[in-house]
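In: Here is a sequence with its predicted model. Questions after.
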Amino acid sequence: MKILVPVKRVIDYNVKPRVKADGSGVDLANVKMSMNPFDEIAVEEAIRLKEAGKAEEIVAISVGPAKAQETLRTALAMGADRAILVETDDEVEPLAVAKILKAIAEEEQPGLVMLGKQAIDDDSNQTGQMLAALMQRPQGTFANTVEIDGDSVIVKREIDGGLETVKLTMPAIVTTDLRLNEPRYASLPNIMKAKKKSLDVKTPADYGVDTAKRLTTTNVAEPPVRQAGEKVEDVDALVMKMKALGIA
Ligand code: AMP
């Protein structure tokens, strides 16, 4: 079985984003970029399935600028077998990514497409669901546990207040949640080996997909600054304060 793992190059999760002065978006100039954390979890899960003998090949895919090659090399260093960069400098929305992934899936015929539940830059949480709809295949989103059972995949999903188990006939789409696993770091020898692995470069036009934007961002603003707190002497003083504020 083959697993496709789409990985997005996003602003690093440790970086505090700055909003551009004109409110048109987040300033990405000179900002550290990394693989979307949920996609690292997807790569890790695919590698674990391969190590368990449940998968034969892992193909990492990224849609983005030439620099997204670095993200793909990271996936290859972790353990993916080969990579496809669909190169574009456009800001690509989830629907266009899903259409590109569908075209690649038609060529590659994977048993699973394992995506992150969301990209931490746009927080869309849409691509996996759109891909499942376009491909008319079952989806197991917010995966906490993934288990292959013959020609099915059993996904325990994180839902409000618990876990829901779904059994999907493959080919299927899975999106990863935070607690699925802890991704490994790529070792130095594997980083070196990754440089020799195959990385194909394509364009959205190769897959017949038009990446023109369908959405308009009207404004991006910083969250309101939090009011400073106040220290009180003891519990009595706290209760007095709360009464004064009408919350006790
Ligand atoms: P989103 O719907 O934008 O929150 O993204 C959900 C998931 O779709 C991500 O975690 C990735 O696995 C995948 N994805 C989204 N955009 C891209 C992209 N440009 N390249 C590769 N994968 C992507």
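Out: Thanks, I have the structure now. Numbers count the residues shown, from 1 in each chain.
In: Let me see the mean pLDDT of stretch 125-142.
Out: Stretch 125-142 shows a mean pLDDT of 98.
In: my read: residue 32 touches residue 9, true?
Out: No: taking contact to mean Cβ atoms under 8 Å, the distance of 10.9 Å between residue 32 and residue 9 leaves them out of contact. Every C-beta, even on glycine, is put in place using the N, C-alpha and C of the backbone.
In: quick one: the strands in this structure?
Out: Under the criterion DSSP state E, strands of the chain are mapped to 2-6, 9-11, 33-35, 57-64, 82-87, 112-116, 139-149, 152-159, 162-169, 172-176, 199-202.
In: Give me the residue at the spatial middle of this structure.
Out: In the chain, the centroid-proximal residue (Cα atoms, centre = their mean) is residue 116; its distance is 3.1 Å.
In: so that one makes contact with residue 36?
Out: Yes: here residue 116 reaches residue 36: they are 5.3 Å apart, a contact under Cβ under 8 Å.
In: list the residues that contact both of the two?
Out: residue 8 (Cβ atoms under 8 Å, 6 or more residues apart in numbering).
In: Got the confidence number for the nearest residue to residue 163 once chain neighbours are set aside?
Out: In space, and not counting its chain neighbours, residue 163 is closest to residue 156: 4.7 Å by Cβ to Cβ, 6 or more residues apart in numbering. Per-residue confidence (pLDDT) for residue 156: 98.
In: What's the local residue count around residue 190?
Out: The number of residues packed around residue 190, counting by other Cβ atoms under 10 Å, is 14.
In: contacting residues for it?
Out: Listed by Cβ under 8 Å, 6+ apart, the contact set of residue 190 reads 77, 78, 79.
In: Mind doing that once more with 10 Å?
Out: Taking Cβ atoms under 10 Å, 6 or more residues apart in numbering as the definition of contact, the neighbours of residue 190 are 76, 77, 78, 79, 184.
In: swap in residue 87?
Out: 62-69, 201-204, 206.
In: Would you quantify the distance from the nearest residue to residue 115 once chain neighbours are set aside to residue 146?
Out: Counting by Cβ to Cβ, 6+ apart, the nearest residue to residue 115 once its immediate chain neighbours are dropped is residue 128, at 4.3 Å. Distance, residue 128 to residue 146, by Cβ to Cβ, to the nearest Å: 13 Å.
In: The closest residue to residue 109 other than its chain neighbours: neighbouring residues, count only.
Out: Closest residue in space to residue 109, ignoring its immediate chain neighbours: residue 2 at 6.9 Å, by Cβ to Cβ, 6+ apart. As a burial measure, the neighbour count of residue 2 was computed by other Cβ under 10 Å and equals 18.
In: pretty sure residue 2 contacts residue 60?
Out: No: with contacts counted by Cβ atoms under 10 Å, residue 2 stays clear of residue 60, the gap being 11.9 Å.
In: Neighbour count for residue 128 and residue 146, which is higher?
Out: Remark: of residue 128 and residue 146, residue 128 carries more neighbours, 28 against 22, as counted by other Cβ under 10 Å.
In: And that one, how close does it get to residue 57?
Out: Shown here: residue 128 relative to residue 57, a distance of 20 Å by Cβ to Cβ.
In: Likewise for residue 223?
Out: Residue 223 sits 43 Å away from residue 57 when distances are taken as Cβ to Cβ.
In: Likewise for residue 138?
Out: 21 Å.
In: Neighbour count for the two, which is higher?
Out: More neighbours sit around residue 138 than around the other of residue 138 and residue 57, counting by other Cβ under 10 Å; the figures are 18 against 15.
In: how much space between the more buried one and the ligand?
Out: Residue 138 sits 17 Å away from the ligand, going by Cβ to the nearest ligand atom, to the nearest Å.
In: Isn't that residue up against residue 151?
Out: No: counting by Cβ under 10 Å, residue 138 does not reach residue 151; the two are 11.9 Å apart.
In: Give me the common contacts of those two.
Out: 168, 169, 170, 171, 172.
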